[in-house]
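Trainee: Build me a model:
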Amino acid sequence: MKNAYLALTIFCLTILSTQAAQYAVLVAGSKGWDNYRHQANVYHAYNVLISKGIPADNIITMAYDDLANHTSNPFPGQVFNKPTYLKPGKDVYAGVKIDYRGDAVNTTNFLCILFGDSETCGGNRVLKTTQNDSLLLYFSGSGSPGIFNFPTDDDYLHETDFVGALALAQWETIFNEMVIYFDSDQAGSMFADLPNNTKIYAVTSSNPTESSFSKYCAPDNFVGAKSLGTCLGSLFSVNLWENLESVDSSKQTFQEQFGILTNQVTKSHPQQYGDLNITTEVVGNFTGNGTSSSIRGFYKDFALVF
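Mentor: Predicted coordinates for the structure are as follows:
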């Protein structure tokens, strides 16, 4: 019996060691109180992914981090992505691990994170994905045709460089599949040249020629009966992350999610790009599903028998 248990233990551990892991990179591309919504969106995203079961060690966050202690903040040390009128609601800043802040939120560091180049990133955290893993990229910020802005002046991620980096990352098989949520003005222009056979699927907040829009602005920006004087979120991102909080992500497909977003984001036109085969997969394959692996559960139950 002991030999059989040992053999099964080795078998289960072997399966676990080759299981696909889920990783995420969250990027807030702005700074300043007027752009509050971008960082608030990213902090909200971090909370959702943690709640769905993605380990903090698998999430890399880039945010300028100038909101919590900003002179305009009536709630020092806190950030909110949704209004409440009687008392402060959920502080999305609490517990967020920010890996790159201030001027370290830049294009060079984003690209070295993607390629796991710790040396170029100054020894800071980078992705450690394998060819078996899924990768989620989320961007919230401002942009213009073919450009995503980073907080530092004159620092831009250009569409040609971005798509080229994605293609190289796929060619080097540093991940199995990638999903990108991209929220900015003219967001669709960042993916005009994204091939449809690279195991990369992108959803954007807007088409290549239109703006993305804010949400929870005046008079809907009150927290604890105090107006924050800025917008708390972006229309696309708020609907994206609030939807993920409310659904069983082990059952909802990306196509179902996209249908919800197109119905709720009415001021712009969300778009899909890249490998649309991924739309038949469940979003939990990339965002976590809030439940432990069935293999881990089986292994735990089996171990209890002995």
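
Trainee: How about Cys121: what's its closest non-neighbour residue?
Mentor: Among residues not flanking Cys121 along the chain, Cys112 sits closest, at 4.3 Å (C-beta to C-beta, 6 or more residues apart in numbering). The C-beta positions use only the backbone N, C-alpha and C, and glycine is treated the same way.

Trainee: my guess is that neighbour is in a helix, correct?
Mentor: Yes. Looking at Cys112 with DSSP: H, G, I helix; E, B strand; the rest coil, it is inside a helix.

Trainee: So for it, what pLDDT did the model give?
Mentor: Per-residue pLDDT puts Cys112 at 97.

Trainee: tell me the contacts of it?
Mentor: Listed by C-beta atoms under 8 Å, 6 or more residues apart in numbering, the contact set of Cys112 reads Ser118, Thr120, Cys121, Val126.

Trainee: out of the residues you listed, which are inside helices?
Mentor: Using DSSP state H, no member of the contacts of Cys112 sits in helices.

Trainee: Need the max-distance pair from the residues you listed.
Mentor: Thr120 and Val126 (8.6 Å; C-beta to C-beta).

Trainee: Settle it for me: which of these two has more neighbours?
Mentor: With neighbours defined as other C-beta atoms under 10 Å, Thr120 and Val126 compare such that Val126 has more, 20 against 15.

Trainee: Report pLDDT for that one.
Mentor: pLDDT at Val126 comes out at 98.

Trainee: before we move on, what about Asn243?
Mentor: 96.

Trainee: Same question for Asn197.
Mentor: pLDDT at Asn197 comes out at 88.

Trainee: what separates Ser72 from Tyr43, distance-wise?
Mentor: 17 Å (C-beta to C-beta, to the nearest Å).

Trainee: Comparing the two, which residue is more hemmed in?
Mentor: Tyr43 (27 against 12).

Trainee: mind checking the SS state of that one?
Mentor: Assignment for Tyr43 (three-state DSSP): helix.
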